[in-house]
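Engineer: Here is my input, please return the structure:
(one chain, ligands or ions: 1)
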Amino acid sequence: MPALAPPRRIFLVGPMGAGKTTIGRQLARELDLTFVDSDREIEQRSGVDIPTIFDFEGEAGFRRRERAMIDALTQRDDIVLATGGGVVLDPDNRRDLASRGTVVYLETSVDEQLRRTRRDRNRPLLQGNDRRATLERLDAERGPLYREVADLVVETDGSRRAATVERIARALRDANHRP
Ligand code: S3P
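Structural biologist: Numbering: from 1, shown residues only. Next comes the predicted model:
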């Protein structure tokens with residue numbers, strides 16, 4: 001029986017350290033789609049890195065750039081899009097993500113996020129001295145918003161990335177086979 005095509009726009013959401021970039025890149029390969037990372041696109045367009053944008057324009061400036069980028073990228077076809085952890089704060093982003101493609105929430109515990117972001121120097125929101133408290137606060141604020149937009153919630157703790165990619169690919173194919 002011929003396989004139906006998987007959805008052509010897949011948007012990965014979830015907190016810092018969820019593995020959106022690594023998983024997104026592998027998932028794109030698996031589904032024969034193009035991988036795009038919203039933060040990298042913002043950096044390319046502005047010509048500077050994210051910490052520099054935060055330094056000069058503050059978080060509000062970064063969010064404006066992110067909003068414009070999400071509007072553009074959620075209209076591209078045949079992509080797996082990795083978004084930044086704060087993308088769901090903006091209601092217009094939530095609307096675009098939910099209405100223009102299939103949203104996968106990579107649910108990740110604060111312990112796991114701490115492990116994966118231990119040596120990070122590129123995330124302005126994590127440069128304070130109590131990372132656990134910061135990640136817990138962000139999780140409380142954003143967890144419900146990730147769930148609000150998600151078509152699929154995937155728990156990433158304790159799984160190897162390849163296994164997570166397989167689970168997502170299978171779930172997307174199964175969803176697509178449903179009449
Ligand atoms: C942010 C997450 C980052 C990046 C920026 C802000 C956030 O992306 O967009 O530093 O608000 O959680 P990652 O989730 O890819 O780390």
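Engineer: Residue numbers of this protein in contact with the ligand?
Structural biologist: Contact residues (Cβ under 6 Å from any ligand atom) of the chain with the ligand: M16, K20, D39, I50, G84, G85, G86, R123, P124, L125. To be clear about C-beta, it is placed using only N, CA and C from the backbone, and glycine gets the same treatment.
Engineer: could you give me the average pLDDT of stretch 146-165?
Structural biologist: The average pLDDT for stretch 146-165 rounds to 93.
Engineer: where do the helices sit along the chain?
Structural biologist: Using DSSP state H, the helices of the chain run over 20-31, 38-46, 50-73, 91-100, 110-116, 131-149, 161-177.
Engineer: Would you format those helices as CSV with distance to F11 and mean neighbour count included?
Structural biologist: Converted to CSV, these look like this (distance: least, Cβ to Cβ, whole Å; neighbours: other Cβ atoms under 10 Å):
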stretch, distance to F11, mean neighbour count
helix 20-31, 9, 20
helix 38-46, 9, 17
helix 50-73, 9, 16
helix 91-100, 5, 17
helix 110-116, 20, 17
helix 131-149, 8, 16
helix 161-177, 12, 15
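Engineer: looking at those, which has the lowest confidence?
Structural biologist: helix 161-177 (a mean of 88).
Engineer: chain center to it: distance?
Structural biologist: From the chain centre to the centre of helix 161-177 is a distance of 16 Å (Cα atoms, centre = their mean, to the nearest Å).
Engineer: Then stretch 137-149?
Structural biologist: Distance, stretch centre to chain centre, for stretch 137-149: 13 Å (Cα atoms, centre = their mean).
Engineer: And stretch 41-60, by the same measure?
Structural biologist: Distance, centroid of stretch 41-60 to centroid of chain: 18 Å (Cα atoms, centre = their mean).
Engineer: CA atoms of it as PDB?
Structural biologist: Output of stretch 41-60 as PDB, limited to C-alpha atoms (Å, rounded to 0.1, in the frame of the first residue of the first chain):
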ATOM      1  CA  GLU A  41      17.300  32.800  10.500                       C
ATOM      2  CA  ILE A  42      16.900  35.800  12.800                       C
ATOM      3  CA  GLU A  43      20.700  35.900  13.300                       C
ATOM      4  CA  GLN A  44      21.300  35.700   9.500                       C
ATOM      5  CA  ARG A  45      18.900  38.400   8.700                       C
ATOM      6  CA  SER A  46      20.200  40.800  11.400                       C
ATOM      7  CA  GLY A  47      23.800  39.900  10.900                       C
ATOM      8  CA  VAL A  48      24.400  39.500  14.700                       C
ATOM      9  CA  ASP A  49      23.900  36.700  17.200                       C
ATOM     10  CA  ILE A  50      21.000  36.500  19.700                       C
ATOM     11  CA  PRO A  51      22.900  37.800  22.700                       C
ATOM     12  CA  THR A  52      23.800  40.900  20.700                       C
ATOM     13  CA  ILE A  53      20.200  41.500  19.800                       C
ATOM     14  CA  PHE A  54      19.200  41.200  23.400                       C
ATOM     15  CA  ASP A  55      22.100  43.600  24.400                       C
ATOM     16  CA  PHE A  56      21.000  46.300  21.900                       C
ATOM     17  CA  GLU A  57      17.300  45.900  21.700                       C
ATOM     18  CA  GLY A  58      16.300  44.000  24.800                       C
ATOM     19  CA  GLU A  59      14.000  41.000  24.900                       C
ATOM     20  CA  ALA A  60      11.200  43.100  23.300                       C
END
